[in-house]
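Undergrad: The sequence and its predicted three-dimensional model are supplied below.
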Amino acid sequence: MKPQKPAEGILIKRDWGDTKTYQVACECGCGDHEHNVWIETDDTGVTVNTYTTQKTNFWSMSRWQLIWQLLTHGYVKYEASIIMSEQQALNYAETLKSAIKDVKAFRKDQVK
């Protein structure tokens, strides 16, 4: 199996040269499960940030149980999931490698 271009399940959202953003879809097709990835470079190096929409497991607790957990523990447990096919996972890995290479090259050219 080889990485694809365009890549299954990976959508480039923005390219600012030193920053690239991607939307990664879930195999289940639900937009609530997708996540966003930002690959950025600055003076300290390259960073990769992943953003997801977190959800509580509200079906297992009442509102009062969630409030009690927040009051006694200081946090409420959340979950996020994404399902990727083998092809999409390979595309995801290749996209990360390529984006890191691109933003580093852009940053290097800007610093000259």
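TA: Yep, it's here. The structure presented is a predicted model; accordingly, all values stated were derived computationally and were not measured.
Undergrad: residue contacts, residue 82?
TA: 24, 26, 33, 34, 35, 52 (C-beta atoms under 8 Å, 6 or more residues apart in numbering). The C-beta positions use only the backbone N, C-alpha and C, and glycine is treated the same way.
Undergrad: most surrounded residue in the residues you listed?
TA: residue 24 (21 neighbours; other C-beta atoms under 10 Å).
Undergrad: quick one: pLDDT of the residue lying closest to that one once chain neighbours are set aside?
TA: Nearest non-adjacent residue to residue 24, counting by C-beta to C-beta, 6 or more residues apart in numbering: residue 35, 5.3 Å away. Looking at residue 35, its pLDDT reads 89.
Undergrad: Look up which residues are beta-bridged to residue 35.
TA: Listed beta-bridge partners, residue 35: residue 24, residue 52 (assigned using DSSP bridges).
Undergrad: what distance separates the longest helix that the chain contains from the centre of its chain?
TA: Longest helix of the chain, by residue count under DSSP state H: helix 86-111. Mean-position distance between helix 86-111 and its chain equals 14 Å (C-alpha atoms, centre = their mean, to the nearest Å).
Undergrad: can you check stretch 63-83 too?
TA: 22 Å.
Undergrad: quick check: mean pLDDT across that stretch?
TA: The model assigns stretch 63-83 a mean pLDDT of 83.
Undergrad: Give me the distance between the nearest residue to residue 88 once chain neighbours are set aside and residue 31.
TA: Leaving aside its chain neighbours, residue 88 sits nearest to residue 9 (3.6 Å; criterion: C-beta to C-beta, 6+ apart). In this view, residue 9 and residue 31 are 13 Å apart by C-beta to C-beta, to the nearest Å.
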